[in-house]
Structures are given as structure tokens and as C-alpha cells.
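K.L.:
make a model of this:
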Amino acid sequence: MSAPPSEAARRKNVQDAIDRVLFKINELEAILGNFTGQNDLLHAKLNEYVAELGKLEAAKDDMIGGGQPVELAVELLRAVDEGTNPDSFTVQLFRDSLAQNQASKGKVEAFRTLREQLTQQLAAAFPATRAARALAAACLTATSLPDCRFGLLAAAMWGTWAWKLVPHATLLDNAQSVAGLVAIVAVSLLWPTVHPASFQRRRTLALASLRLFLLCLPFNFSQRVLDLALPQQLESGRLAPLVNLSHLISASHLDFLLFTGLGWRLPLRPHMALQGLKLAILARFGVHAHCRGMLLSSPEVQQLAARAHGVMSIAAGALAPGATTALLEPREPYMQVVALLLLAWVLLGWLVPTLLLLPPAAPAASAWEQAVPQYHTARQALAGG
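P.N.:
Numbers count the residues shown, from 1 in each chain. Next up is the predicted model:
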């Protein structure tokens, strides 16, 4: 197997091909100088010229750039036509570039000096500007502080959930849990801390994207993952109500609706749209995965669901004595759990955060406050009359 030609040999091949083409051009110029109208030698030389052009085309891969288009400055072509020494052209090019660089650097330094002078003059003329800037920076930090605090809480909760999955989950599930933890740390901790102004400008879009991303991770809708991370039945003991409540919230993924909606707060309209979208995603992809899990399908949870439906039937009968609620109440234990889960998503996951985000109503003016302007208006009218 022959070794590839060296760089010098490749350049020599290209140079020889160019020299042959130039030689054929000189021959054609000599023949055309004595052209009589019919000359077979001209046709032969033209064919040879075309053949040499074909060889030069074949040798293009050995040119500079591997045959790719090479841009040449017009000044370089003009210098070649004028017979200028290439070395002197290169030296002049470097000198021009150095002069342009010095000019640009001078402009930058002049602008920096002007900025410093203006800043000093403004600080001397308006001493309160420094305090205002410090206050603005403090306001940005204070505005981002609640998001950072909830980010720490969310990272702790998500990390605990992910740590439970590590020994038993697949590599893909662990990768999704790590991706969720990285997203929480990056968006709600690092970004507000490093660039608070940039975070405040894009806060709504950033937090909405984070909340939707955490919910839409595929392992959230896996029955196997829920069974791995949660107990198979309700706990018993002194702290059983609190422990069971936390397990039920995790099993129903109410934390994705309730906690994120209250922690990473958004303006009311984007919040309502986002919560509605998340609720639709859970209802479409998460109902059966949650209700068929070991915890929500356990006899204890089914008994709780039956009791809840009984209480709601009694309340509905008290509110509407003549109405029949037997047709609306599901009879199968599985459907009772499904109905209760959907109701919890709507009430606790969508309605409660939305009500807490409603702006406070302006206090109504009292009768005396309304009468005072009218009294002054009437008094001015009497005085003018």
C-alpha cells in the first residue's frame, strides 16, 4: 500500500498543472498571432488546452483548502497584476491591520474614559443615584429570593424522591430524575442568583417552562415507578395521618399542581392556562397509572374513597333535598378512587392556587368619603354664585 503524497509533492503537482495550462495559453497566443483562417494546429492546441484544464480540475483537491472555495482579497489580485512583491504586500497588510486595531482600541478607550467621567459627574451632581442603584439591586435580589427559597425546597423534595428510585429504577428513569433536579437547580437557584435582572425579565416564561417540564417527564406516569417510590398500603402509628397525607399527595402528584403553583407563582392568566394544561395532561396520561398503583388501589384507600363519596352524597342531599345523587355516585371501588382523584386535581390542584393568586379587592369608599367631595363642590358653587 503506497503512502499518500507529502504536502510538498501535492503542491508541486498543482504548480506543474498550472504551468502546463499557462504554457498552452502562450502557445495559443503565438498561433493566433499568425492565424490565416484555417489552421489544423489551432484545433489540436485547443484540444490540448482543454485536456490540461481537465488535469488541473482533477488536481484541485491538492490545492489550499482541499478543493473548497477560497476567498481572495481584491487587493491581492491587483498586487499580482501589478507585479508587486508578495512579501511587501503582506507587510503592508499587517501594517494596515495594526493601524485599524489601534484606531479601534483608541475609540474604546475614549468611550470608557467618557463613561467614567460622566459617571463621576453624575455622582457628584446627584448623590442619591448611588443609593438608588443599590436599592434597585437589592430589590432584584429580594424579588428573586422567594423563588430561590422554594427552589431549595423543591430540590430537596425532588432529590429525596430521586434517591428512593436509584436502587430499583432503570437507567432511563434515573436519568429523568437527574434531569429534573438539574432543571430545578439551574432555573430556580443558579439563574436568579447569578443574573437576577435577566431572570426577572424572563421569570414568567422560565418558571412556566420549568413547571411544565417537571410534570411532562415520562417516568411521572409510570405505574412501576410509583410503586417503587411509595408504600403499598397506608401506615399506622402516631404520625400516620401526616405520613399518609404526604404519601397520598405524592401518589396523586398533587405536588405538581398545588405546591409548584403556590411556590413558583405566576401572573393570574398564565397561571390559569398553565394549570389547566397540566390538569389536562394528568387526566389524559396519569389517571390509570396513578389509580392502579399499589397505594391508591389498596383496600384502605378504597375505603377512604367510599367514605368520601358518602359524605359528599350527604352534603349534596342537604344542599338539594329533591335531587337524586345515586346516579352520580360511582359504585365500583376503582371508579370511586378515579372520581376522587379527578376532584382533588380540580379543587386542590387548580382552584385553590388560582383563588390564592386573585388580586385583593379595593376597599369600597364609605358614604362619608363619597359625600365629602360633593359637599366641597356644592360649597364652591354657592360661593361662586
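K.L.:
please make it C-alpha for all contacts and neighbour counts, starting now.
P.N.:
Will do.
K.L.:
tell me who's in contact with Asp173.
P.N.:
When contacts are counted by CA atoms under 8 Å, 6 or more residues apart in numbering, Asp173 touches Phe219.
K.L.:
distance check, Pro333 against Gly286.
P.N.:
Look at Pro333 and Gly286: by CA to CA, to the nearest Å, they are 18 Å apart.
K.L.:
for Ile25, list the residues it contacts.
P.N.:
Tyr49.
K.L.:
ok, 10 Å please
P.N.:
19, 31, 45-46, 49 (CA atoms under 10 Å, 6 or more residues apart in numbering).
K.L.:
then Pro231?
P.N.:
244, 247, 251, 293-295.
K.L.:
TSV for those residues, including neighbour count and distance to Leu258?
P.N.:
Formatted as TSV, the contacts of Pro231 follow (neighbours: other CA atoms under 10 Å; distance: CA to CA, whole Å):
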residue	neighbour count	distance to Leu258
Asn244	16	17
His247	20	15
Ala251	24	13
Gly293	22	21
Met294	20	23
Leu295	23	20
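K.L.:
in this structure, where is pLDDT below threshold?
P.N.:
Along the chain, segments meeting pLDDT under 70 span 1-5, 35-39, 60-72, 129-145, 316-329, 360-385.
K.L.:
could you list the domains of the chain?
P.N.:
7-71, 140-226, 252-358 (the TED database).
K.L.:
need those domains in a markdown table (columns: distance to Asn85).
P.N.:
Below are the domains of the chain laid out as a markdown table (distance: least, CA to CA, whole Å):
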| stretch | distance to Asn85 |
| --- | --- |
| domain 7-71 | 19 |
| domain 140-226 | 54 |
| domain 252-358 | 68 |
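K.L.:
quick one: closest of those to Gln117.
P.N.:
The minimum distance between Gln117 and the domains of the chain falls on domain 140-226, with 25.6 Å, by CA to CA.
K.L.:
next one: that closest one to chain centre, how far?
P.N.:
Distance of domain 140-226 from its chain centroid, counting by CA atoms, centre = their mean, to the nearest Å, is 13 Å.
K.L.:
just give me the longest helix of this structure.
P.N.:
helix 86-125 (DSSP state H).
K.L.:
related to what we said a few turns ago, by neighbour count, which of the contacts of Ile25 wins?
P.N.:
Tyr49 (20 neighbours; other CA atoms under 10 Å).
K.L.:
that one is in what secondary structure piece?
P.N.:
helix 40-58 (DSSP states H and E).
K.L.:
follow-up on the earlier one: as CSV, the contacts of Ile25 with distance to Ser188 would be great.
P.N.:
As requested, the contacts of Ile25 are exported to CSV (distance: CA to CA, whole Å):
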residue, distance to Ser188
Asp19, 67
Ile31, 81
Lys45, 76
Leu46, 74
Tyr49, 71
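K.L.:
tell me the one of those residues nearest Ala73?
P.N.:
For the contacts of Ile25, the nearest to Ala73 is Asp19 (22.9 Å; CA to CA).
K.L.:
list the contacts of that closest one.
P.N.:
13, 25, 52, 56.
K.L.:
repeat that for Lys24.
P.N.:
Contacts for Lys24 (CA under 10 Å, 6+ apart) come out as 18, 30, 45-46, 48-50, 52-53.
K.L.:
any idea how far the closest residue to Gln223 other than its chain neighbours lies from Val338?
P.N.:
Excluding the flanking residues, the one nearest Gln223 by CA to CA, 6 or more residues apart in numbering is Ala289, at 4.8 Å. The gap separating Ala289 from Val338 is 11 Å, by CA to CA.
K.L.:
what do these two both touch?
P.N.:
Leu296.
K.L.:
now for the longest helix of the chain, which elements pack on it?
P.N.:
Here helix 86-125 touches helix 74-82, helix 128-165, going by 3 or more CA pairs under 10 Å, 6 or more residues apart in numbering; DSSP states H and E.
K.L.:
list the buried residues for the shortest one?
P.N.:
In this case it means helix 74-82. In terms of neighbour count (16 or more other CA atoms under 10 Å), helix 74-82 has no buried residues at all.
K.L.:
list the contacts of it.
P.N.:
73, 83-86, 88-90, 93.
K.L.:
how far is that helix from where the chain is centred?
P.N.:
Counting by CA atoms, centre = their mean, helix 74-82 comes out at 50 Å from the chain centroid.
K.L.:
how about the helices of the stretch 201-350 of the chain, start to end?
P.N.:
203-216, 223-229, 240-252, 258-263, 268-285, 287-291, 299-319, 333-344 (DSSP state H, counting those that start in this stretch).
K.L.:
dump the ones you listed to CSV, plus distance to Ala186.
P.N.:
As requested, the helices of the stretch 201-350 of the chain are exported to CSV (distance: least, CA to CA, whole Å):
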stretch, distance to Ala186
helix 203-216, 10
helix 223-229, 25
helix 240-252, 23
helix 258-263, 16
helix 268-285, 21
helix 287-291, 29
helix 299-319, 37
helix 333-344, 31
